[in-house]
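1. Return a 3D structure for these sequence lines:
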Amino acid sequence: MATAYVGIGSNLGEPRRQIEAALDELDRVPRTRVARRSSLYRSAPAGHADQPDFLNAVARLETGLDAEALLGELQAIEQRHGRERSFANAPRTLDLDLLLHEAGAAGTPRLTLPHPRMHERAFVLAPLAEIAPDAEVPGHGRAVELLARCAGQHVARIA
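-> Reported below is the predicted structural model:
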């Protein structure tokens, strides 16, 4: 079993309900279980600012799936929740990002690990540092140290 971290975000519909449902679905992915989950965090949207705030969380998974297969499962869950990819940084019902996978770094047309820019985003690093402060983002450092570099970005723990 490999450890993987998944970022979860939502800002359309009922974000809290969407995140809770996604966590339940992640726990039902074949050969995968949710080993730990963060609190929920509220953050302003990145990129396209004219949209509601996001709720974010991170889940630590224990999985027998490789990174590509796990990504396929994440995208299937997003589709079941009505995810549309109309433009970059668009509002969304559910966003599941494969942040890290124990298999290490990867670069394919479909998947980049670690997730691009995760090391610069407090809305990813705060929940990650909560459940795995020593998680290493390859090529960048530990989650807790990277979060300290994002001190100017507002993210608030809400539950």
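2. ok, which stretches of the protein are helices?
-> According to DSSP state H, the chain carries its helices in the segments 15-26, 67-80, 122-131, 143-148.
3. In TSV: the ones you listed, plus mean pLDDT and distance to residue 7.
-> The C-beta positions use only the backbone N, C-alpha and C, and glycine is treated the same way. Output for the helices of the chain, formatted as TSV (pLDDT from 0 to 100; distance: least, Cβ to Cβ, whole Å):
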stretch	mean pLDDT	distance to residue 7
helix 15-26	96	11
helix 67-80	95	10
helix 122-131	98	5
helix 143-148	97	12
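4. out of those helices, which comes closest to residue 51?
-> helix 15-26 (11.8 Å; Cβ to Cβ).
5. Packing partners of that closest one?
-> Judged by 3 or more Cβ pairs under 8 Å, 6 or more residues apart in numbering; DSSP states H and E, helix 15-26 is in contact with strand 2-10, strand 32-37, strand 54-63, helix 67-80.
6. Pipe those into TSV and attach mean neighbour count and distance to residue 94 per row.
-> Formatted as TSV, these follow (neighbours: other Cβ atoms under 10 Å; distance: least, Cβ to Cβ, whole Å):
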stretch	mean neighbour count	distance to residue 94
strand 2-10	24	5
strand 32-37	17	15
strand 54-63	24	11
helix 67-80	18	5
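7. May I see the ones you listed arranged in CSV, with distance to residue 112 as well?
-> Compiled in CSV, the helices and strands packed on helix 15-26 are given as follows (distance: least, Cβ to Cβ, whole Å):
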stretch, distance to residue 112
strand 2-10, 13
strand 32-37, 21
strand 54-63, 18
helix 67-80, 10
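8. out of these, nearest to residue 152?
-> strand 54-63 (17.3 Å).
9. And the residue of the chain positioned farthest from its centre, how close does it get to residue 11?
-> In the chain, counting by Cα atoms, centre = their mean, residue 50 sits farthest out from the average C-alpha position, at 21.4 Å. Residue 50 sits 12 Å away from residue 11, going by Cβ to Cβ, to the nearest Å.
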